[in-house]
Structure formats: structure tokens, C-alpha cells
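Here's my sequence, what's the structure:
(2 chains)
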Protein chains: 2
Amino acid sequence: MSYSKELLRILESVGAKEGSRLSVMTEGGTYVGTMMPHHDFSAPDIIVLKMKSGYNIGIRIDGRSRIEVLEEPVSKIYKEKEVEPKKGLPNLVLLGTGGTIASYVDYRTGAVHPALSTSDMVNAVPEIRDIANIRAKVLFSIFSENMDVHHWQELAEAVAKEINDGADGVIIPHGTDTMGYTAAALSFMLGDITKPVVLVGAQRSSDRPSSDASSNLMACARFCTQANRAGVFVVMHDTPGDDSFAVHTGSRVRKMHTSRRDAFRSMNVVPIAHIDDKGKITINTEGRAVTNDRATAKTDMEKAVILLQYYPGMDPELFEDVVTKSRGVVISGSGLGHVNENMIPLIKKAVAKGTIVVMTSQCLNGQTNMNVYNTGRDLLKAGVISVFDMLPETAYVKLMWVLANSEDRDEAERLMRTPLAGEMSQRRTIDV
Amino acid sequence: MSYSKELLRILESVGAKEGSRLSVMTEGGTYVGTMMPHHDFSAPDIIVLKMKSGYNIGIRIDGRSRIEVLEEPVSKIYKEKEVEPKKGLPNLVLLGTGGTIASYVDYRTGAVHPALSTSDMVNAVPEIRDIANIRAKVLFSIFSENMDVHHWQELAEAVAKEINDGADGVIIPHGTDTMGYTAAALSFMLGDITKPVVLVGAQRSSDRPSSDASSNLMACARFCTQANRAGVFVVMHDTPGDDSFAVHTGSRVRKMHTSRRDAFRSMNVVPIAHIDDKGKITINTEGRAVTNDRATAKTDMEKAVILLQYYPGMDPELFEDVVTKSRGVVISGSGLGHVNENMIPLIKKAVAKGTIVVMTSQCLNGQTNMNVYNTGRDLLKAGVISVFDMLPETAYVKLMWVLANSEDRDEAERLMRTPLAGEMSQRRTIDV
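Next up, the predicted model:
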């Protein structure tokens, strides 16, 4: 579908083009925003404006509507800039993967595109050059919902290589949608990595005045150069303002809001550090200091692993193939780690066939404890592994890694129960 | 497996039996708790104690351990008590379903059992008789992970009947695991119900000193008799203490912690009311007042509906049968409502076959917006329905109800986009 003849005529008469900033007066009110291309799925009498908030609205235009062009379309050109490294400053490497942090609104398609180059990102934060020499490389340019196991593998290998080539830290700009999953994957793949490896995202694209891209990036650089902490982390806004940033353990973080700048939350632990807007770093928990040991990436992953949320009415027959064809199944169970009794025979069957079944909680906060109620005991008897306060998403990623990095089932089960990268708390009691 | 001969000998020599309160001194420390039965999956030299916290620990006993019996087992007997209704007081009906709120630790099996009768619950809170006449009935006695669609149906019918028979409110003690799902189901089934229908749970069983059963029940009774608000709600602790209770909209509430007493949270809305420990009710949002109109329960549900969480690496081929065999699919997508591009052809195929595919966000907080990024637009083109700030669990329940209560696909899609029971916010803009 395209615009109606009538609407095309109106647009032409006032000179409104894609990318023009318009004021549109209708009976329902006056709207100001940038004109987006017409969508295939919009009615022919609707124009779409991108508002200052970054979101789009559709406005029905009729004979009584008045459209005024406030500004002509601007085309954005980003130039690469070569910068000489300064002696004495630490060396950071940016490995770009795409996502909102590396994106801008493309007025040709009306969509946010992951097309900003990684060095553009750095150039947008010139003060970062005062604390570190930064080299930037683009590994991928994708939205993070399309990140897949092989991206994690390539990324982990690239990180290890950069560290072995002398980087004092690696910053990974990443789409926020699946940043938690990637952070978990790197946590297991990179193991006792000797330098800070920090994923960072943005909830607003870089061309928006409210973008959190630059301030998150600056907080990252400060953490990498001043905190003396090795490991895989995520840095994002801790508050909606630009005044506090949280450093999360890579295996403990989850996107808990679709749009807020402080969407990322450490789950079941406190953030390992906070950074304020003056650059002051407050460390909250102990951890490994930076060393000069070599980095290695153990990137093997078993792909036949699934994550399933339990819900009332879940039909074991419908899920039989999905479950029994998988080498690993992570269940996001109810409460302390439960499913209904109809599901238990299927789980037993899968375990008997060699599948490892791991129980987490869809409550996300707290920990599984499968000894309190009969259902939990029956599940333990069926061979389910309870993983305490590990996030479902982290358990999914860990199980892929563990299945590819253990000799046999016993070792895989033992590894699932053992904290490897801060992903679960040490149990203080024998839990039978 | 049972106890070793050696351990049996030690237990007999000190007179320790299931249910005895023991002090056990080992090299690792001294533990005090109630002796639980031996599990099939415990080693033969381990005894299990239920600690004051309510959780179990296993302790390995050897020749150097010392066991002392502090108290003999107590058997708990609950007696039914008949109470005459008082004139002038409102009439509330308790419909028991089971769960921790109606349970106690059974020292024969060592497990928490849903066996406390509903009138026992009331008798445990004698002050409740000062504000209402309460009749109690047990509908089911199950843990809520075993609640299924037919339980929701039976429950909705029982609620409507009680209200039409003169109840001024219905209180439903319920296991916490799936209380959110049941609350959503009743919200759609009971529609414009004319009286308060309140689900209530407990995170600690009634025989534990820290139980939240009585205080939650009292807050429920106060809300039902004093707030003049019709609808389906959930009442639970709002804080870890016994000083504040939250009243949540039934279609907007989620269990967000495995064990805390304040585990239930209103998502994307504020609780409709708070109640303090003195009984003061603060109403936060507007709603429907109580009337004397008849109640009806529309309990038809389509069972061929599934809920799937999207995750990186999700294999469309593996899920093809599960998705295409379902009449409804709710996806808990990433971020603003995304899946990877590999999943889109499968979704298209399902939609073409007549399946309704609904998108929610695994972030849980915030709202889907599928116009910001290409992935979202492609999903909309594929026929996916974006349901804004509706919880994935509520969308699952709603889709079951909508498919069974609409004439055709168009009506079903329209109903999914329309708030029916407070489950989503009204959109203020045309979203194209």
C-alpha cells in the first residue's frame, strides 16, 4: 500500500518529504516530528511521524488537516577520524557488534539502523581520549536479537586475541535485547580472563538528544582503566539520569525494562561497582585483579539446548519431541522450581534418554529449592538439576557450554551445580 | 535407599524419631531442627533436619557426631469449629484451593501438605469474625503448580454462584506458584464481576511462626468489606514485614521472588490499594464500585495455546510442530518485542495456517513497540499482534479465553488489542 492520491497531492503541495520536520494540525491535536517513509501496513491516508521521544505515531490526514514543513531533511554523514595513540595511557579496544548504541535513525527507511561505525562512537565522546587510547573495530553490525551462538564464539575469540595482543581492556558495544545472554556466554567462554571485558549498550540511538550511548561508553572506559578488575561485565545506567552507572557481573544481569535507560539489573546480587558522573568508582564486591596472563577462549557450545517457561496447562505431549530431541533442557519453573505433575513423566523420559534437565525459577529473584514441596522432590527424583539462584537465561547459556566442555554426563551435572563465573551463589548447606 | 545400619543404631540409641526436635553436633557445627523422614535420594549416612527457617539441611552422621533429642514429635490436630453468623456483618465466602496458605508441615512425610481445612484458616484469625461472617468451602486441595484450565473454570463458576447466592465478596486462598495465572483467568472469565474476588496466598506455611497466612487473610477481609471495589484482585504482603499489604489487579500481577513474603508485584501499574496493619486502606486508582447485579462466568477456554520465551539460538525447525499445531502462540520476545530473523518465516507460516501469534516482552516491565526496529516491523508484517504492556503470562491466559469467546479471527485479534480486564494500558496514539 502507498499513500492515497489525495494525500500525495497534499504532501507535494507543501513540499513534505521523508526526513522533513513537520508540524501537523488535525482535529485531534498538533504533532511535531520527522516524517517517516510510508509503511506497507499503514492505511493510505496515514502519515507517520517520529516524535522527539523517538517513537513513531501515525496520523490520519484529511481535507481539514494542515501540514507545515518546519525543516528540510538533513543527511547525516559520519567521518572516520584517525587519532595518534598517546604514550602512557592504557590501551582499550572497542569491538562493535551493532545495536542501538551504534545506530542512528535512517530517514530513507524510517528505521533505526545499526550502521554507525565504532570509531564514530568514540569520536562522539572526545573526553574518552584523555583516559585511554582506543582502537575500534567492527565485528558485526546486527541487532542483538539476531546474535547467535556463532557470534558469541567469534566475539570471544576476538576478545582473547585483543588481550593477548596487548589490550588493557575490551569494550563491546552491543544491542540491549540479548546483551545479557551474550555477557553470560562470554563469561563461560573466557573463564578466568585477565582483563576487563565490558559489554555496553544504549536504549536511545546516538542521534537522539536523550541518548545514553556516550555516557555509558565513558563509564565503561573509566571502569576498564581505573577499577583493576578482571572479568566479563555489563555497564549501563543505574538510574534514569546520567548521574550513576552500574557495573554488573556478566552472568547475573537481565534486561528488566523494554525502554528505560536503567533497564539492566543485577539479579540476586548487587552490582559489582557503581560509577558516578564525575568518574568516581565505588567497588561493592571483591573480585579478581587484572594480571598479564594470557587469555584463552573455550568457545565450544552444544546447540541442542532449549529454554522453556513452565505455565499451567503446558501439554507434555505437545512438547515431547522438543524436549526429548534436546541434549539439554532448562526449565523456567514456577516458584521454588516446579512444573505440574503431568510434566514429570516427560522429564523422566528425557533424563533416561540422556538429556540434562535443569530447573530455574520464572520468579527470577530468589533461588530454587526443590526439597520444600513434593513436586520439587519428585522432580529431583526424576533427575532434574536444581541450580539455586542462577537466572534461566544464564542456565541456558551455561548448559550449552557445559555440554560441550565436559567429558561425560556426571561431569556436566557437576559443572552445572558449581559456580564457574559468578553465576550462582555457593550453597552453604548440603541440600538433599 | 534407607538409613545405614550404623545410623539406625545411633538414632535408636538416643530415641530420635521423625518429627523429633534434635540438636546435632558434627565437625562442621551444631544444627538444631526437626528430623524429617529419610529421602530415597539421600545417602544412607545422612539425616535431614528442617531448620527454623523452614528449609531442610542434610547432615552426614559418623561415629564422632552427637545427636540429642530436645523435644518429642508433636502431632497437630486441627478441629473444625461452627460459628453462628452475626447480623449486620457482610458475608464473605472462602473458597479453598490449596497451597502454602492452607498447608502445614506433615512430619510423617517431611513435606509441606495442602491439607489444612479452609475453616481452620479462618479460625487461625479470630479477629476476622469481627468484621465479616465467613463461610468456608474447600474446592480443591492442590499445590498451585497443578492448577489447570479446568480448575480455573470450576473456580470461576463457584465464585459466580456464591455471589449470586448473596456473598459480599469471595476470598480464594491459593498456592503462590501460579496465583498470577489464576488471577488473570478469573479476570477474563468473570468480566464485570460485581463484588470483590480476592486471591490470597502465603509464602510460609501456617504452622511456622513467620507465616504470612493470617495477616494476608485479614488484609483480604478488610479490603473485601471496606473498599467498595468490584473486580478480581490479589492481596499479599507489600513489604517483608507485617505492616503493609498491596492489592493488585488480577491481570497485572506476577510472582517476582521465590520466597520473600512481598514476592508479588504489580507490573506496569501501581497496586490499586495498600492496607496497613491497623486496617487503614489507601486507594491508589479508580475502579468499579460494588453493585448487586448478577455475576456470570464465561469459562470457555481454548487449550491449544502455548507460551514461548524467545532466546538466541532458538531453532525454528525444532519448534515448528509445537507452533503450527497451536491455535494461539504467545511469544515472550526480547526487548520491545523481537525474535531473531530465522523465526520469522515460521511465524508467517503459523499465521497463514490460522494461528494467532501475540508478542509480549521478556523484560516484563515496559511495553512492546514493534515500529522502532526492522525486526518489529517484519513481525507486524508477518501478522504478529503486539500487546503493549500486557504480561506474557496474562497474554497466554487471555489468548485462551479470547479464542474460545470470539466469533472469528478478526474479533479475536481485536479483543487481544483491547483492554478487557485492566490487563493493558489504553494506547494514546495510533500505532502503525
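
contacts, neighbours, all on C-alpha from now
Fine.

In space, not sequence, find me the middle residue of chain A.
residue A:179 (1.8 Å; CA atoms, centre = their mean).

Pretty sure that one sits against residue A:144.
Yes: the pair residue A:179 / residue A:144 is scored as a contact, 7.0 Å apart, by CA atoms under 8 Å.

how about the helices in chain A?
Using DSSP state H, the helices assigned to chain A run over residues A:5-14, A:118-123, A:149-164, A:179-190, A:213-226, A:316-324, A:344-352, A:374-381, A:392-404, A:409-417.

least reliable of the ones you listed going by mean pLDDT?
Among the helices of chain A, helix A:118-123 carries the lowest mean pLDDT, at a mean of 68.

wait, doesn't residue A:33 sit right on residue A:49?
Yes: contact criterion CA under 8 Å: residue A:33 and residue A:49 qualify, at 5.1 Å.

So between those two, which is more surrounded?
Higher neighbour count among residue A:33 and residue A:49: residue A:49, with 28 against 22, using other CA atoms under 10 Å in any protein chain shown.

Nearest residue to residue A:143 in space, please, no chain neighbours.
residue A:99 (4.7 Å; CA to CA, 6 or more residues apart in numbering or on different chains).

ok, that neighbour to chain B distance?
10 Å (CA to the nearest CA, to the nearest Å).

try residue A:293
31 Å.

just residue A:32 next, same as before
According to CA to the nearest CA, residue A:32 and chain B sit 14 Å apart.

number of nearby residues for that residue?
Neighbour tally, residue A:32, other CA under 10 Å: 18.

Please apply the same query to residue A:64.
Neighbours around residue A:64, by other CA under 10 Å: 9.

dump the residue contacts of it.
A:26-27 (CA atoms under 8 Å, 6 or more residues apart in numbering or on different chains).

What residues does the stretch 251-400 of chain A have near chain B?
Within the stretch 251-400 of chain A, the residues that sit near chain B (CA under 8 Å from any CA of the partner chain) are A:254-260, A:303, A:306-309, A:311-314, A:318-319, A:322, A:334-336, A:338-341, A:361-368, A:371-374, A:381, A:393.

Quick check: strands, which of the residues you listed are part of them?
Residues of these located in strands (DSSP state E): A:254-255, A:306-309, A:361.

Counting neighbours, which of these comes out on top?
Counting neighbours by other CA under 10 Å, residue A:361 comes out on top of these with 30 neighbours.

Could you list everything that one pairs with in the sheet?
Beta bridges link residue A:361 to residue A:333, judged by DSSP bridges.

of all the ones in strands among the residues of the stretch 251-400 of chain A next to chain B, which two lie farthest apart?
Spatial extent of these (CA to CA) is set by the pair A:255 and A:306 at 19.7 Å.

any idea how chain A splits into domains?
Listed by automatic domain parsing, the domain ranges of chain A are A:5-71, A:91-283, A:305-417.

quick one: which of those domains is nearest residue B:355?
Nearest of the domains of chain A (CA to CA): domain A:305-417, 15.5 Å.

how far out from the middle of the chain is that closest one?
Mean-position distance between domain A:305-417 and its chain equals 24 Å (CA atoms, centre = their mean, to the nearest Å).

Kindly report the same for stretch A:26-36.
With CA atoms, centre = their mean, you get 33 Å for stretch A:26-36.

Okay, buried residues for that stretch please.
By 16 or more other CA atoms under 10 Å in any protein chain shown, the buried positions in stretch A:26-36 come out as A:26, A:31-36.

Could you list which of the residues you listed belong to strands?
Going by DSSP E, the strands hold A:26, A:31-35 from the buried residues of stretch A:26-36.

Kindly report the residues of the stretch 51-200 of chain A close to chain B.
So far as CA under 8 Å from any CA goes, the stretch 51-200 of chain A lies against chain B at A:55-59, A:111-113, A:145-149, A:176-178, A:181.

What subset of the residues you listed is buried?
A:56-59, A:111-113, A:145-149, A:176-178, A:181.

State the pair within those that is farthest apart.
A:59 and A:149, at 41.0 Å, using CA to CA across those.

Could you dump the helices of chain A into a markdown table with distance to residue B:90 added?
As requested, these are exported to a markdown table (distance: least, CA to CA, whole Å):
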| stretch | distance to residue B:90 |
| --- | --- |
| helix A:5-14 | 62 |
| helix A:118-123 | 66 |
| helix A:149-164 | 60 |
| helix A:179-190 | 51 |
| helix A:213-226 | 57 |
| helix A:316-324 | 44 |
| helix A:344-352 | 44 |
| helix A:374-381 | 38 |
| helix A:392-404 | 45 |
| helix A:409-417 | 53 |
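
of all the ones you listed, which gets the most neighbours per residue?
Scoring the helices of chain A by mean neighbour count under mean count of other CA atoms under 10 Å in any protein chain shown gives helix A:179-190 as the most buried, with a mean of 27.

Packing partners of that one?
Using 3 or more CA pairs under 8 Å, 6 or more residues apart in numbering or on different chains; DSSP states H and E as the contact test, the elements touching helix A:179-190 are helix A:149-164, strand A:231-237, strand A:253-255, helix A:392-404.

Could you pull up the mean pLDDT of the third one?
Same thing as strand A:253-255. 98.

Could you list every helix and strand that it packs against?
Using 3+ CA pairs under 8 Å, 6+ apart: strand A:253-255 touches helix A:179-190, strand A:264-266.

ok, now the last one?
For helix A:392-404, the contact count by 3+ CA pairs under 8 Å, 6+ apart identifies helix A:179-190, strand A:305-309, strand A:328-333, strand A:356-361, helix A:409-417 as packing neighbours.

need these in a markdown table with distance to residue B:63, can you?
Shown next, in a markdown table, are the helices and strands packed on helix A:392-404 (distance: least, CA to CA, whole Å):
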| stretch | distance to residue B:63 |
| --- | --- |
| helix A:179-190 | 41 |
| strand A:305-309 | 45 |
| strand A:328-333 | 40 |
| strand A:356-361 | 36 |
| helix A:409-417 | 28 |
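
Let me see the contact set for residue A:307.
Residue A:307 is in contact with A:329-332, A:392-393, A:396, B:309, B:311, counting by CA under 8 Å, 6+ apart.

in the stretch 1-150 of chain A, what spans have low per-residue confidence?
Applying pLDDT under 70 to the stretch 1-150 of chain A flags residues A:1, A:39-41, A:53-54, A:74-82, A:102-120.

Nearest to chain B: which residue in it?
residue A:146 (4.6 Å; CA to the nearest CA).

got the contact list for that residue?
So residue A:146 contacts B:312, B:339-341 (CA under 8 Å, 6+ apart).

go with 6 Å
Contacts for residue A:146 (CA atoms under 6 Å, 6 or more residues apart in numbering or on different chains) come out as residue B:340.

before we move on, what about residue A:26?
residue A:65.

Please tell me how far it sits from residue A:60.
8 Å (CA to CA, to the nearest Å).

got it, and residue A:293?
63 Å.

Which residue comes closest to residue A:97 once chain neighbours are left out?
Closest residue to residue A:97 apart from its sequence neighbours, by CA to CA, 6+ apart: residue A:140 at 4.4 Å.

What's the local residue count around that neighbour?
17.

What of residue A:47?
Neighbour tally, residue A:47, other CA under 10 Å: 22.

and of the contacts of residue A:307, the nearest to residue B:216?
Relative to residue B:216, and with distances defined as CA to CA, the nearest of these is residue A:332, at 27.1 Å.

Burial check on the residue lying closest to residue A:100 once chain neighbours are set aside, number of neighbours?
The shortest distance from residue A:100 to any non-neighbouring residue, by CA to CA, 6+ apart, is to residue A:205 (5.1 Å). Residues near residue A:205, counting by other CA under 10 Å, number 24.

ok, now residue A:242?
Neighbours of residue A:242 (other CA under 10 Å): 18.

Now do the contacts for it.
Shown in contact with residue A:242 (CA under 6 Å, 6+ apart): no residues.

Nice, that's everything, thank you.
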